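Participant: Okay, structure incoming, though there's no sequence with it:
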Ligand SMILES: Cc1cc2nc3c(=O)[nH]c(=O)nc-3n(C[C@H](O)[C@H](O)[C@H](O)COP(=O)(O)OP(=O)(O)OC[C@H]3O[C@@H](n4cnc5c(N)ncnc54)[C@H](O)[C@@H]3O)c2cc1C
Ligand SMILES: Cc1cc2nc3c(=O)[nH]c(=O)nc-3n(C[C@H](O)[C@H](O)[C@H](O)COP(=O)(O)OP(=O)(O)OC[C@H]3O[C@@H](n4cnc5c(N)ncnc54)[C@H](O)[C@@H]3O)c2cc1C
Ligand SMILES: Cc1cc2nc3c(=O)[nH]c(=O)nc-3n(C[C@H](O)[C@H](O)[C@H](O)COP(=O)(O)OP(=O)(O)OC[C@H]3O[C@@H](n4cnc5c(N)ncnc54)[C@H](O)[C@@H]3O)c2cc1C
C-alpha cells in the first residue's frame, strides 16, 4: 500500500498544491487561508498554484476557489466523494500526486485535513509536518515547515529533504485569507481516478450539527471571556455571560469545560480548538495547560482570574486577580455597572482603540 | 454474524500507547478545593488512556481480548504495566535501538508491522494525538499502511452486528460512522474517565509475563525503513518563542479592592474605556 | 480470579511481618498496601524497640535503615517556660535485644515490605482494600470493587488504627472518643553534625525525649522528640476527648509545644519539612477486641496493640510480634484442618509466647493511669516549682526538700493521701 520514494532526482516534482475543503457551497476559511499562503510559496518557487477539489458537483466551488488566487483547480468528480471519507479521498490524492508529482502539498489542519494527511503520508511514504504556522524556503530550495512544539513554547523547523512531495498541514486562523477576486481566471481540470463502491468503506449514519451560538464568535470579538473547569458547573457560565455582556465580549471555554459538556465544542480555545487573538482575553478558572495557551497566547492583553496563585496562566498574564471567581466575577460586574452609572444594558465598555 | 455475538472467537482489540512526559500539574481542584499535586515524570499519553478505556468498556460488554502495544525504550514498560493493571490482557513493546529518531512514517510502519505480527485483530485504537510531538499522524498512518477503514476523533465506539460504530467530533457537529471490522479509530482526549488500576490487574503485572519485548528482527521490520536516517522529515532546529513581555499586574486580597485596582489598571492602560 | 493462600491488608510493620512469616512458611501470600509505597501513608514518631525484629529477622541490623541507636534517654517536665529534665545515658542502651533505634517510617516500612517480598510474598501498592469478601459467614478474600476481588483462605487485617475492615468483619466495636488519642508529628531538618553536637551524640548515636506537663497544655498526653540522622521527629499524642472538651486543635498544641524554650533549644534553625496527624488507639489489654474469626485475623494497631504510658511509646515492636504470631497461627490452623475460627484461636497462644499479650497486660493499668489528669498537669507543675525553688539561690534561707514538696502539694490542692496513691499507682503501672 505504500510507495517509498527514495529520491535521487527531485526535479520532477514541481508545483504547489492545496487541498480544498468546501462546506455548503463555500470554501472553508482554512482553505482560503491556505490559498493565500500557497500563492506566496508558489511565487517564491516560480511554479503554479493548484487547488485539489475532490467532490460531487463542485464546479462552482472550483470557480470560486480560483478567485482567491489559484492558477488551476483539479476537480475529481465522483459520487463516492460527495462527503469526506478517508479511504477514497486518500486514494484520489495519492493517484493525483503520483500522476503530477507536485513539490509541495498543503492541507488545512482541520479534522478532515489531518485525517487525510496522516493516511496519505503513510501511503506515499513522504514527510508530513503537522499544524504549521509559518513557511520558508531554505537555501537548497526545501520547504521549511515551522510548527509550534511543546504546546507553543517553541517553534520546530521541519525539513523533508529527500522525499517529495513535501507535505504539511496548516493551522487555522494563522494565515490571512486573500481577498476574493471574481475576475480572476484559472484553469479547471477534470481528472478521473479509479474508485469502486468498496472504497466507500465507512458509512455516515448520522450527523448532528452543532447548534450555532447566536452571539458574537470568539474569533471575531475584541474581548473574549473564557471559562474553565474552575466554573465547576455549567450554570455558572451565566456569570461569564454577564461579564461578557458588560464588555461587549464573546464567551469561550477551555477544553475541560467543553468535555464536561458545559458549553458547545465550537467555543473551545486551544491546540485542538480555535486560535483567538482578541484585544483582551479574560481567562476565568482556567489553569493554563500548554494546549490551552496554544490558542490564546497571542492575545494582545491577558487577564487571569484564578484562585490558585501558582496557576501557570498567571505567568503570561498582563493582569490577574488571585481569588475566588465566584466573588471576583460578580464584583467585577458590579463595579463595571457602577462605572457606567448603573445602567449596564446599553452602555458597554468598548475597547479603547475602538473609540 | 458478529464475532462479539458468536462463540467462535473473542474480539481482539489493540490499543496503541505512547509514554509521554507528564505535564507538570499543580493546581486547585475546583470540586475539592485542594491542591492537586501530581509530580510523576511520565504517563500514558492522555488520549491513549481514553482509548484504552474505550477498549476496556467494550471488553466489559463483549468477549474481547485487549492488547496494548507501544514502540519505544524499555522505560515504556511503566505505562504498559499500568495498562495491564487497568485491565488490558497483555502488552507488546517494540523496542530496538534502530528505531530511534523515527518520524511518523516509520513509526506508523513499524507499529503496523507489529500489529500484523500480533494478528487476528478486529479493532485498533490510538489516541487523537500525543502531548509531546502532537502530530496526530500515527493513527491514520497505521490505517493507511494496513489499508483499513479509519474513523478519527471519536468519543464513543460500539460494536454492533460485527461492525464498528463510532461517534466522531468534526468541526461542525458530531457524526456517527459505521465500518466493517477490522478498522481503526483515533480517540479524543477527555471523552471518558480512564479507570484506575485494579488489584487483580496489579497482581497480574507482579506475576510477570504480561509484557512481551520484540525487536525489529522479531517482527520482521525492514531496518532500512526505520530510524532517524530513514525518516522523511527531520527537526532541523527548534527556536524558543519570545512571547511579548506581559505586564504581570497581579492583584490579591479583598475582592472589592482587587477588582477596583484591576479596573483602574485596565482603564489607565486603555484596555477598556472608562 | 486471582487467589492466594493468604492475603495481608496493610504493609505497615504488622502486615509486613505477617506476610514475611507466612511466605516463609510456604503460604502463597499477597500483601496489599493503599499507599504508593509502604510507609508513605503512615506517620511515625521515630523509635523502634528491636526485640521483635530480632525474632523476625535475626540479622536485621545488617541492612535495616536505622537512623540512630538511642543511647540517651530523657524525660522532661515542662511548665510555662521552665523545664526539668531527667537523663539516662548508657551505651548499653544501644545493644542486644533491648536496643532501640530511630527510623524514618517511609524507609523502614519499605525495607520490611521488601523482606516480605524477598521471602516470596507478592506486594501490591496503591490499592485500598475496600472490604472483606464474605460468604456464608466466612471470609473468602478481599474486595476492591464489585468486579475486582481476590480470593484467599485467610485474610490478616493489619490496617492500622483506623480499623475499618476490622469493624466490618464484626471483630470490634466502634471506637469511642475516649479510646483514641490524636498523634501529630513534624519532621525538622537539621544537619547531622548539628544534631550530634547539640545532643552530644556520636555518629550513629541517638537521643530520645518524652515531655510532660505544658507539652500537652496540661491535657492528657505528652510530647516526644527523637533524633534521626539529619532530621528530628517532634510530636505529641493528646487525648481526643480532652481536645474536644477544651476545644483546642492539636495543631495549636503542637505549635505551642514547638515554641517552648526547652524544645526550641534542640530544634533551633531547623526547617519543618513534614507534618502529619494520625489516630492512636488507646486500648489496654482490658479492651482487647476479638482478634479472629472464620478466615480472618487482626494484627498490630488494628488490634489495639499499643502501649503508651507517657514514658514509653511502643507500637511497632508489638505490631511486628503480632504479625509473627498471626503467621504462626495460620500455620497451626492449617495443620488443624484449616483457618476456621476455632482453629485460629491459637492466635492468642502465639500472642502470649511472642510477648504481645503479657506486655500489654503488664501495662494494662497505663491507660487508666493516663486518665489521671494530675499526672499531666498538677505534678509536672509541682515538680517545676520545686526545682525552681531548689535552684534559685537568692540569699534567703534554704528550705528542706520535704517541706517544699508538701507545701507545693498543698498549693496545688492535692490531698496528701491522693499524692501517695498516685505515686503508688504510677509505680505499679510502670
Ligand atoms: C491532545 C490534547 C489536546 C488538548 N487540547 C486542548 C485545547 O484545545 N484547549 C484546552 O483548553 N485544553 C486542551 N487540552 C486539555 C489541557 O491539557 C487541560 O487539561 C485543560 O486545558 C484544562 O482545562 P482547565 O484549565 O479549564 O481545567 P483545570 O486544569 O482543571 O483548571 C481549573 C482551574 O480553575 C481554578 N479554580 C478552581 N476553582 C476556582 C475558583 N473558585 N475560582 C477561581 N479559580 C478556580 C483552579 O485553580 C485551576 O487552575 C488538551 C489535552 C490533550 C491531551
Ligand atoms: C518538536 C517535534 C516536532 C515533530 N514534528 C513532526 C512532524 O511534523 N512530522 C513528523 O512526521 N514527525 C514529527 N516529529 C516526530 C514524532 O515525534 C515521532 O514521529 C513520533 O514517533 C510520533 O509522533 P507523535 O508523537 O506526534 O504521535 P501522534 O501521531 O500524535 O500519535 C497519535 C497516536 O498514535 C499512537 N502512537 C504514537 N506514537 C506511538 C508509539 N511510539 N507507540 C505506540 N503508539 C504510538 C498513540 O496512540 C498516539 O495517541 C516531531 C518530533 C518533535 C520532537
Ligand atoms: C504520633 C505517633 C507516634 C508514634 N511513635 C511511635 C514510636 O516512637 N515507637 C513505636 O513503636 N510506635 C510509635 N507509634 C505507633 C506506631 O506507629 C504504630 O503502633 C504502628 O505503626 C502499628 O503498625 P501497624 O502495622 O499495625 O499499622 P500501620 O503502621 O498503621 O500500618 C497500616 C498500613 O495499612 C495500610 N492500610 C490501611 N487500610 C488499608 C486498606 N483498606 N487497604 C490497604 N492498605 C491499608 C496503611 O496505609 C498502612 O500502611 C506512634 C504513632 C503515632 C501516631
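Facilitator: Done, it's in. A quick note: this is a predicted structure, and the numbers were derived from the prediction, not measured. Ligands and ions are numbered 1, 2, ... in the order given.
Participant: Could you name the specific helix or strand carrying the closest residue to residue A:269 other than its chain neighbours?
Facilitator: Using C-beta to C-beta, 6 or more residues apart in numbering or on different chains and skipping the chain neighbours, the partner closest in space to residue A:269 is residue A:295 (4.1 Å). (Each C-beta comes from the backbone N, C-alpha and C, glycine too.) Counting by DSSP states H and E, residue A:295 is held by no secondary-structure element, helix or strand.
Participant: wait, what's in contact with the residue nearest the centre of chain A?
Facilitator: For chain A, the residue sitting closest to the mean C-alpha position, by C-alpha atoms, centre = their mean, is residue A:172 at 2.1 Å. Listed by C-beta atoms under 8 Å, 6 or more residues apart in numbering or on different chains, the contact partners of residue A:172 are A:29, A:30, A:33, A:108, A:109, A:110, A:274, A:275.
Participant: repeat that for 6 Å
Facilitator: With contact taken as C-beta atoms under 6 Å, 6 or more residues apart in numbering or on different chains, residue A:172 is in contact with residue A:30.
Participant: Name the residues of stretch C:211-230 that come out as buried.
Facilitator: By neighbour count with 16 or more other C-beta atoms under 10 Å in any protein chain shown, stretch C:211-230 contains the buried residues C:211-229.
Participant: for whichever strand or helix holds residue A:206, packing partners?
Facilitator: Residue A:206 is part of strand A:202-209, with elements assigned from DSSP H and E. With contacts taken as 3 or more C-beta pairs under 6 Å, 6 or more residues apart in numbering or on different chains; DSSP states H and E, strand A:202-209 sits against strand B:173-180.
Participant: Against which helices or strands is the strand it packs on packed?
Facilitator: Against strand B:173-180 (3+ C-beta pairs under 6 Å, 6+ apart) you get strand A:202-209, strand B:163-169.
Participant: so how far is the first residue of stretch B:160-179 from its last?
Facilitator: Its first and final residues considered, stretch B:160-179 spans 10 Å by C-alpha to C-alpha, to the nearest Å.
Participant: and that stretch, average pLDDT?
Facilitator: The average of the pLDDT scores along stretch B:160-179 is 95.
Participant: Against residue A:194, how distant is the closest residue to chain A within chain B?
Facilitator: Per C-beta to the nearest C-beta, residue B:140 is where chain B lies closest to chain A, at 3.0 Å. Computed as C-beta to C-beta, to the nearest Å, the residue B:140 to residue A:194 distance reads 22 Å.
Participant: who has more neighbours, those two?
Facilitator: Remark: of residue B:140 and residue A:194, residue B:140 carries more neighbours, 29 against 9, as counted by other C-beta atoms under 10 Å in any protein chain shown.
Participant: Can you tell me the closest non-neighbouring residue to the more buried one?
Facilitator: In space, residue B:140 is closest to residue A:118, 3.0 Å off (C-beta to C-beta, 6+ apart).
Participant: Kindly report the same for residue B:123.
Facilitator: Residue B:123 sits nearest to residue B:13 (C-beta to C-beta, 6+ apart), 4.7 Å away.
Participant: which ones are touching the one you found?
Facilitator: So residue B:13 contacts B:55, B:64, B:66, B:123 (C-beta under 6 Å, 6+ apart).
Participant: where's the one residue in the stretch 1-150 of chain C that gets nearest to ligand 1 relative to residue B:83, distance?
Facilitator: With C-beta to the nearest ligand atom as the measure, residue C:36 is the residue of the stretch 1-150 of chain C nearest to ligand 1, at 22.0 Å. Taking C-beta to C-beta as the measure, residue C:36 falls 18 Å from residue B:83.
Participant: again, but for residue A:63
Facilitator: 52 Å.
Participant: Name the residue in these two with the higher neighbour count.
Facilitator: More crowded of residue A:63 and residue B:83, by other C-beta under 10 Å: residue B:83, with 32 against 15.
Participant: is it true that that one lies in a strand?
Facilitator: No: under DSSP: H, G, I helix; E, B strand; the rest coil, residue B:83 sits outside any strand and is assigned helix.
Participant: State the helix or strand in which the residue nearest to it when sequence neighbours are not counted lies.
Facilitator: Spatially, and ignoring its direct neighbours in sequence, residue B:83 is nearest to residue B:68 (4.3 Å; C-beta to C-beta, 6+ apart). In the assignment (DSSP H and E), residue B:68 maps to strand B:64-71.
Participant: who touches that strand?
Facilitator: Contacts of strand B:64-71 (C-beta under 6 Å, 6+ apart): B:10-17, B:55, B:58-59, B:76, B:80, B:83, B:88-94, B:110-111, B:114.
Participant: Flag every buried residue along stretch B:266-274.
Facilitator: So for stretch B:266-274, counting by 16+ other C-beta under 10 Å, buried means B:266, B:271, B:272.
Participant: any idea which of these is closest to residue C:233?
Facilitator: Nearest to residue C:233 out of the buried residues of stretch B:266-274 is residue B:266 (C-beta to C-beta; 51.2 Å).
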